[in-house]
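> All I have is the shape, not the residue letters:
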DNA sequence: TTGATACACTTAAGCGCTAACGTAAAAAAC
DNA sequence: GTTTTTTACGTTAGCGCTTAAGTGTATCAA
């Protein structure tokens, strides 16, 4: 089959261990031998068998990533830049999608662990309330992405979701809106925190929030547009309908805008919208959408960097990395 | 560390091989023993170490996928449904992104192969003209996705790109357009075939195609909108500007429409557009976009099924699977 | 001269698993 | 009742690599 360490060693008249060490840059190999090895390795196009290396060394040089939905632009962009950061260090990415189903998520985590991944990255779809036991028991260090668990002492890379809620809401307040509603999720930490930021911004401005102005739903990733559409209909049914809505993500904002337009409202004159995620197509929508950018690329880079650290040194005190959001203003919130 | 085969065997007073066989459902294990093994395996939460299994058996139960761009909706959707199909059979997906760079693609293929993947799926970004040697020499069976190579005797799962070109063009002819242009790519097989279908449909209808009505570009995945925008400006500069454009994909169509709108044209009255890919957001665009649906989900399923076959039996005659496209008509091509 | 100290390698062992073959007992065949 | 077959296991060897523990030789201090 393929070229093995043994073949290189035989050809060179040295032991396999010498070749192995030379390849990995260990110090106890002579300059001349090292060069001979490297030269032949290149000539024979040798690639170490990572399964064997992983079995022998306990390190697989691969990280696992579980996301709720690959198609969601945020996770796509995140995965892309993560993969780029890992590739630079010769690490592979094993990807799994949970389809927003906790049972699938658990199963995927198990199979990733069985593959000896060095670090487990998870954007969990399980409720933020308590830390899942399988993550707590993981043999590989765990790096939570985007979604955190309550009291979790786990490593985390994600957005500052409270700031997202504040930034979006302050913008709506800033353009003079008084009846500001929120279409959000429940259960996951980003939903909770964005709502918290939303409320914080409102009360800081002395604006009261009717209970009915907060509509929460599930499943924002896959079919967020219809989720947003129906949630918006609920808001439009209020006696005093809102004049601005902060939506959990862009997809739900798209659906919500659709509902508003169908109801004959003008955007942004009658009602303004802010989404979150800064979708690639936000500029090209019927009404270009104001959105909070989560810097998914930079999150991917940060996660890659942290994952590499954890792979090298698994037993570190947990760290939390939060990136600040940035508001991108478009037509949906300013008369243009 | 984790529970090993040996631990189960010791506990049960049998050999490791017996446990291994029972676990994999081999015939030469007694009913009673099998049950005892399975029971204890469940109790002790044993998961086979896939690195060891892979090393010993030569099968890793993982497939590798290289795509040009994870963020591109087509590949995202494809990867999602592929992963689903594989998961059902206990196969993992190792994902790599080539960033549309042939050198990165080659490197990623090497690292995937070094990981002992059972099947290599590649949506290659290398020119269709000739079959790359690394794919020809691959130790794992190769399954080409979306893009084919000339005279390639390799397995393939993708769209019927000629039909895509025909369907789109016939539609534009059907709505009475006479000056039909194409913004397309070059090099990759889908570009070539879509152009072929485009020309075929035109000549079947007896419509002549000015040379300048075919504009080809590169890089349609990542920044297709600006590619489409600039290509469209070129078309608009013609003495006789087109009254319809078939664009390589939706992203370029979005950019092209943007350019047309900026030029003061009405869509579809003055100029109609058809894209390809049937983007999730096609309905919500400024002008909802008529697009050819590639059935990316079904492609993913088909690829998963074929990959499983190839994993079980690598030496099969190559098969080509092409899914028929379907036109989704929206505002960009009919006055609505 | 002796011993310590590097240096540049080799030998031995084993990671956790499976393929291939071996074997003993029970069942079936003659 | 002996041979053959079948059933249900066990033994051996090894996948390709790495870690840990040597081994021999040159170098240097005492």
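Nice, thanks for sending it over. Computed from a predicted structure; not experimentally measured.
> At the contact with DNA strand C, which residues of the stretch 201-336 of chain A appear?
Residues of the stretch 201-336 of chain A found near DNA strand C (CB under 7 Å from any atom of the strand): none. Heads up, the C-betas are built off the backbone N, CA and C, glycines and all.
> Leaving out the residues flanking it, which one is nearest to residue A:115?
Leaving aside its chain neighbours, residue A:115 sits nearest to residue B:50 (4.7 Å; criterion: CB to CB, 6 or more residues apart in numbering or on different chains).
> Please give the number of neighbouring residues around the closest residue to DNA strand C within chain A.
Nearest residue of chain A to DNA strand C, counting by CB to the nearest atom of the strand: residue A:30, 2.6 Å away. Neighbourhood size, residue A:30 [other CB atoms under 10 Å in any protein chain shown]: 10.
> show me where pLDDT drops low in chain A?
A:1, A:152 (pLDDT under 70).
> domains for it, by residue range?
In the domain annotation for chain A, the residue ranges read A:5-48, A:59-159+A:296-323, A:161-295 (automatic domain parsing).
> Take those and write them to JSON lines, including distance to DNA strand D.
JSON lines is the format used below for these (distance: least, CB to the nearest atom of the strand, whole Å):
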{"stretch": "domain A:5-48", "distance to DNA strand D": "3"}
{"stretch": "domain A:59-159+A:296-323", "distance to DNA strand D": "7"}
{"stretch": "domain A:161-295", "distance to DNA strand D": "36"}
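> Out of the ones you listed, the one nearest residue B:21 is which?
domain A:59-159+A:296-323 (18.6 Å; CB to CB).
> I'd guessed residue A:305 sits against residue A:85; true?
Yes: when contacts are counted by CB atoms under 8 Å, residue A:305 is listed as touching residue A:85 (6.5 Å).
> re the thing from before, look up how far residue B:241 lies from the residue of chain A closest to DNA strand C.
Distance, residue A:30 to residue B:241, by CB to CB, to the nearest Å: 71 Å.
> How about residue A:107?
Distance of residue A:107 to residue B:241, computed by CB to CB: 56 Å.
> Looking at the stretch 101-250 of chain A, which residue is nearest chain B?
Across the stretch 101-250 of chain A, the shortest distance to chain B (CB to the nearest CB) belongs to residue A:114, at 4.3 Å.
> Can you get me a residue count around that residue?
If you count neighbours by other CB under 10 Å, residue A:114 ends up with 19.
> residues touching it, list them.
Contacts for residue A:114 were tallied using CB atoms under 8 Å, 6 or more residues apart in numbering or on different chains; they are B:47-50.
> thinking again about what came up before, just want to know which of residue A:305 and residue A:85 has more residues nearby.
Using other CB under 10 Å as the criterion, residue A:305 and residue A:85 rank with residue A:85 on top: 20 against 16.
> and for the helix or strand residue A:64 falls within, what are the contacting residues?
Assessed by DSSP states H and E, residue A:64 sits inside strand A:62-67. Strand A:62-67 has contacts (CB under 8 Å, 6+ apart) with A:50, A:54, A:75, A:78-79, A:82, A:86, A:91-98, A:105, A:108-109, A:112-113, A:115-124, A:140, A:145, A:307, A:311, B:94, B:115.
> After that strand, which helix or strand is next?
Next along the chain from strand A:62-67, counting by DSSP H and E, comes helix A:73-87.
> Neighbouring strands - and their directions - for the helix or strand that that next one is followed by?
Remark: after helix A:73-87, the chain's next helix or strand is strand A:92-97, criterion DSSP H and E. Using DSSP bridges, the strands paired with strand A:92-97 are strand A:62-67 (parallel), strand B:92-97 (antiparallel).
> Can you give me the buried ones in strand A:92-97?
A:92-97 (16 or more other CB atoms under 10 Å in any protein chain shown).
> What segments of the stretch 151-300 of chain A are strands?
All strands of the stretch 151-300 of chain A, identified by DSSP state E, counting those that start in this stretch, fall at A:155-159, A:180-185, A:214-217, A:244-247, A:272-276, A:290-293.
> got the ones you listed as TSV, with mean neighbour count and distance to residue B:195 columns?
Formatted as TSV, the strands of the stretch 151-300 of chain A follow (neighbours: other CB atoms under 10 Å in any protein chain shown; distance: least, CB to CB, whole Å):
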stretch	mean neighbour count	distance to residue B:195
strand A:155-159	24	43
strand A:180-185	26	44
strand A:214-217	18	44
strand A:244-247	30	41
strand A:272-276	30	37
strand A:290-293	26	36
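> Spatially nearest residue to residue A:165 (excluding sequence neighbours)?
Spatially, and ignoring its direct neighbours in sequence, residue A:165 is nearest to residue A:197 (2.3 Å; CB to CB, 6+ apart).
> Test my guess that that neighbour contacts residue A:171.
No: counting by CB under 8 Å, residue A:197 stays clear of residue A:171, with 12.0 Å between them.
> For the nearest residue to residue A:225 once chain neighbours are set aside, give me its contacts.
Nearest residue to residue A:225, sequence neighbours excluded (CB to CB, 6+ apart): residue A:255, at 3.7 Å. By CB under 8 Å, 6+ apart, the residues touching residue A:255 are A:224-232.
> make it 10 Å
With contact taken as CB atoms under 10 Å, 6 or more residues apart in numbering or on different chains, residue A:255 is in contact with A:183, A:220, A:223-233, A:247, B:284.
> Would you confirm that residue A:84 contacts residue A:297?
Yes: Residue A:84 lies in contact with residue A:297 (CB atoms under 10 Å); the separation is 9.0 Å.
> where does the stretch 101-250 of chain A come near chain B, residue by residue?
Within the stretch 101-250 of chain A, the residues that sit near chain B (CB under 10 Å from any CB of the partner chain) are A:104, A:107-108, A:110-116, A:134, A:137, A:139, A:222, A:225, A:250.
> State the number of residues packed around the residue nearest to residue A:89 when sequence neighbours are not counted.
Nearest residue to residue A:89, sequence neighbours excluded (CB to CB, 6+ apart): residue A:308, at 5.5 Å. The number of residues packed around residue A:308, counting by other CB under 10 Å, is 18.
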